[in-house]
Every structure is written in C-alpha cells, then in structure tokens.
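1. Below: sequence and its predicted model.
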Amino acid sequence: MKKIIYLLILVSLGIASCKVKYSLSGATIPPEAKTISVAFFANNTTLGAPSLSQRFTEKLRDMVSSQTNLALMSQNGDLQFEGFIADYNIAPVAIQSTDQASLNRLTISVNVKYSNRFDATKNFEQSFTRFADYSSQKSIESMEPELVQEIFRQITEDVFNRAFNNW
C-alpha cells in the first residue's frame, strides 16, 4: 500500500512540475511570459489603402488579447510581433471572354517577425499570404472592406498558429 501511495505522490509531483502553460485556445505559451507586444505594421505597398496598417495591427492585437491571458504592451513584451504589409495585389483569375475576367483576386502578404524572449528556437520571420476572390462585376472599392477583413482574419490565425501552436 505504501508503494502505491509513493507512486501516486511521485506522479503528482511530476505533473505539477510541468512548465508548459496552455490557454483556452490550445496555444502553448511559455509560463515565464507575462506580456506580449504587437508593433505597428507599416504599409509598404503601393496599391493598398493607408488604413491597412491600422486594421492589420488591431486585428493581430485583438487576436492575441482574446486568445491568451498575456498583458498587451505597446513595446518590449516578453513575446513580440513586428513586421509590415509587403504586398497588396489585384489580378484576374477566371477569364470569361477574351477581354474580360469573371473573377478577380485580391492577394495580401504580410511579413511577420516573432521574438520569444525565453526560447529563441521559437523565433521566426516569415511572410504570410492569403487571398479572396470577388466578382469582376463589382468594384474593388465596394468589396475591399469585406475582402480585407477576411484576408486579415486568415493571416492573423496563421500567425497565431505559427507562433503558439508550431503550425
């Protein structure tokens, strides 16, 4: 009976000493990390609306705030995101006749640098690209807010998963 009690105590101590912190999203966050910072993502494109920078930065900040319990700081967090919007491109994808496309594609690329103060092996710098198609019968001006919102949702999920889920 004593052996069973010692074994249970040993297993309990082993489990209690694990140093991995999990959030409700399933993300693995270093237990030492208390803060996170998301720097302003500059718009380095020639075609993209000036508001792209603010929209992407806020979307990523909202994602990390809602999916982790880390305190959001303006700079120098234990975990840090920085980068820039690298590409904003509109191109035809489905040709309807010889001189007109039936679908156009908006593609956005964001270059992201992630730094983990506690585990440098988790650091990365990577470009994330997503796209959305829309009917050529509609103008980009009318579709842009909806398309950018969807593309930024996908990119922020990709960035979050790369940083915290090793995807």
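-> Received it, and whenever you're ready, just let me know what you need. Residues are numbered from 1 along each chain as shown.

2. And for the nearest residue to Ala33 once chain neighbours are set aside, the neighbour number?
-> Distance criterion Cβ to Cβ, 6 or more residues apart in numbering; nearest residue to Ala33, sequence neighbours excluded, is Asp78 at 4.2 Å. Every residue, glycine included, has its C-beta placed from N, CA and C. The local packing of Asp78 (other Cβ atoms under 10 Å) involves 19 other residues.

3. show me what contacts Asp78?
-> Neighbouring residues of Asp78 by Cβ atoms under 8 Å, 6 or more residues apart in numbering: 30, 32-36, 70, 116-118.

4. Turn these into a markdown table, columns for neighbour count, pLDDT and secondary structure.
-> Formatted as a markdown table, the contacts of Asp78 follow (neighbours: other Cβ atoms under 10 Å; pLDDT from 0 to 100; DSSP: H, G, I helix; E, B strand; the rest coil):
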| residue | neighbour count | pLDDT | secondary structure |
| --- | --- | --- | --- |
| Pro30 | 17 | 88 | coil |
| Glu32 | 12 | 93 | coil |
| Ala33 | 19 | 94 | coil |
| Lys34 | 14 | 95 | coil |
| Thr35 | 15 | 96 | strand |
| Ile36 | 20 | 97 | strand |
| Leu70 | 19 | 95 | coil |
| Asn116 | 19 | 96 | strand |
| Arg117 | 16 | 95 | coil |
| Phe118 | 12 | 93 | coil |
